[in-house]
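Student: just a sequence and a predicted model for now, questions to come.
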Amino acid sequence: MLCKVCRSKGKRKKAVIYLRHHRLALCKEHFIEWFERQVERTVKKFKMFTRKEKVLVAVSGGKDSLSLWFALNKLGYETYGLHISLGIEGWDYSKESLRVCREFSGRLGRPLIVVNLKEEFGYTVEEIAKGSGRRDVCSVCGTFKRYLMNKVAKEEGFKVVATGHNLDDESALLLSNTIRWELGYLGRQSPVLPEEGGFVKKVKPFCFLTEKETVSYAIVNEIEYMEKGCPNAKEATSAHFKRALAYLEHKMPGTKLRFYKEFLKRARPVFEKEVKEGLELNECEVCGMPTTSPVCSVCRMLQRLKEC
Ligand code: SF4
Ligand code: ZN
Ligand code: ZN
């Protein structure tokens, strides 16, 4: 297959990727160009940040977050990495993730902020999940990561945190929230969560790019990323929704993008109104971070652990 852009210029160059839902075959050079243009367009469309602001990029060591850091840095944004070390021992996951992030930070010549869960709270994420009686490690992990991202951003003077969530993540989350009719979550699901009530702005510049596209971007740019992923990932319920959407995408290319884009355009504004009316934020009595209850969920889990 030949690159469509090269062909339009009268050149014959072999394509490295075929984007089925865009009916687009591209060579390495034009795929990189196309990918970065999509990122820039999303950043601008949703007014995520400007080149005058410093951006905290949450990096796990996986393909999405490192590709995001790489792309934003290349596009000229002032980026800083944030790695939260969770203390997951299986497959040496946390140790390796930290090494990969450190090396990548060196390659980019950009600073990396590292927060270690065990040093910060005295427990690894798996110890917290076990001790707090929550079976789902991933939901505990998500709560702590969101908490720390916000805390570090505030302490270090960042107004915006960027995460590498891609279209596969966002459409799977949307399907999961829709099946459960989680109106509050539906109202809050967005490429941009504005700064409010003690939360810094959170953005997802990859929300319209598929996992296939982000992994391809990582490969063509020779980014070393954690291929294995976290040992707990297979238990995550999001994996079922991703598989269901992958089947639909295979049968009907473009399903994921349509599902998510149409939601943002037509359904989200309806749910958003309900959230604004129902959500009241106050400061956690223990740590002072924003929460809807008197004590935030992180402090509640830590208190339960201390009582054990
Ligand atoms: Fe955390 Fe679960 Fe992701 Fe592992 S798979 S990093 S436990 S959310
Ligand atoms: Zn080309
Ligand atoms: Zn708290």
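Tutor: Great, that's in hand. Ligands and ions are numbered 1, 2, ... in the order given.
Student: list the contacts for Leu108?
Tutor: Contacts for Leu108 (Cβ atoms under 8 Å, 6 or more residues apart in numbering) come out as Trp69, Phe70, Asn73, Thr79. Placement of C-beta: from N, CA and C, glycine included.
Student: doesn't the last one lie inside a strand?
Tutor: Yes - when classified by DSSP: H, G, I helix; E, B strand; the rest coil, Thr79 is found to be part of a strand.
Student: quick one: the strands in the stretch 101-250 of the chain, in order.
Tutor: Taking DSSP state E, counting those that start in this stretch to define them, one finds strands in the stretch 101-250 of the chain at 112-116, 160-162, 192-193, 201-203.
Student: which one of the ones you listed lies closest to ligand 2?
Tutor: With Cβ to the ion, the closest approach to ligand 2 among the strands of the stretch 101-250 of the chain belongs to strand 160-162: 28.3 Å.
Student: circling back: now render the strands of the stretch 101-250 of the chain as TSV, adding mean pLDDT, distance to ligand 1 and mean neighbour count.
Tutor: TSV is the format used below for these (pLDDT from 0 to 100; distance: least, Cβ to the nearest ligand atom, whole Å; neighbours: other Cβ atoms under 10 Å):
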stretch	mean pLDDT	distance to ligand 1	mean neighbour count
strand 112-116	98	14	17
strand 160-162	98	16	23
strand 192-193	96	18	17
strand 201-203	98	16	22
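Student: low-confidence stretches in the chain?
Tutor: Residue ranges of the chain with pLDDT under 70: 134, 235, 276-279.
Student: flag every residue of it that's near ligand 2.
Tutor: By the rule Cβ under 5 Å from the ion, the part of the chain lying against ligand 2 is Cys3, Val5, Cys6, Lys13, Cys27, His30.
Student: the first one is in contact with Glu33, isn't it?
Tutor: No - because the distance of 10.8 Å does not satisfy Cβ atoms under 8 Å, Cys3 is recorded as not touching Glu33.
Student: picking that back up, and the strands of the stretch 101-250 of the chain: which comes nearest ligand 3?
Tutor: strand 112-116 (15.9 Å).
Student: what are the C-alpha coordinates of that closest one, in CSV please?
Tutor: C-alpha atoms of strand 112-116 as CSV (Å, rounded to 0.1, in the frame of the first residue of the first chain):
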residue,chain,number,x,y,z
LEU,A,112,10.7,14.3,35.8
ILE,A,113,8.9,14.5,39.2
VAL,A,114,8.7,11.2,41.0
VAL,A,115,6.3,10.4,43.8
ASN,A,116,6.6,7.1,45.6
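Student: the residues of the chain next to ligand 2 in helices, which ones?
Tutor: Here DSSP state H is the test, and the residues of the chain next to ligand 2 give Val5, Cys6, His30 as lying in helices.
Student: the closest residue to Cys141 other than its chain neighbours: how many residues sit nearby?
Tutor: Excluding its sequence neighbours, the residue lying closest to Cys141 (Cβ to Cβ, 6 or more residues apart in numbering) is Val125, at 4.9 Å. Number of residues near Val125 (other Cβ atoms under 10 Å) recorded here: 26.
Student: how close does Val125 sit to Leu174?
Tutor: Using Cβ to Cβ, to the nearest Å, one obtains 25 Å as the distance from Val125 to Leu174.
Student: pull the residues that contact stretch 65-77.
Tutor: Residues outside stretch 65-77 that contact it (Cβ under 8 Å, 6+ apart) are 35-36, 39-40, 43, 49, 51, 55, 57-59, 79, 81, 100-101, 104, 108, 110, 162-164, 205-206, 214, 217-218, 221, 223, 225.
Student: same thing but 6 Å
Tutor: 36, 39-40, 51, 55, 57, 59, 79, 81, 104, 108, 164, 206, 214, 217-218, 221, 223, 225 (Cβ atoms under 6 Å, 6 or more residues apart in numbering).
Student: was I right to think Ser97 contacts Gly61?
Tutor: Yes - Ser97 is within contact range of Gly61, at 3.4 Å (criterion: Cβ atoms under 6 Å).
Student: Val57 should be in a strand, yeah?
Tutor: Yes - when three-state DSSP is applied, Val57 is found to be in a strand.
Student: how about it, what does it touch?
Tutor: Neighbouring residues of Val57 by Cβ under 6 Å, 6+ apart: Leu68, Trp69, Thr79, Gly81, Ala162.
Student: so the helix or strand where the first one lies versus strand 112-116, what angle?
Tutor: Going back to what we said before, that points to Leu68. In the assignment (DSSP states H and E), Leu68 maps to helix 63-74. Between helix 63-74 and strand 112-116, the angle comes out at 150 degrees (axes from the mean of the first three to the mean of the last three Cα atoms, to 10 degrees).
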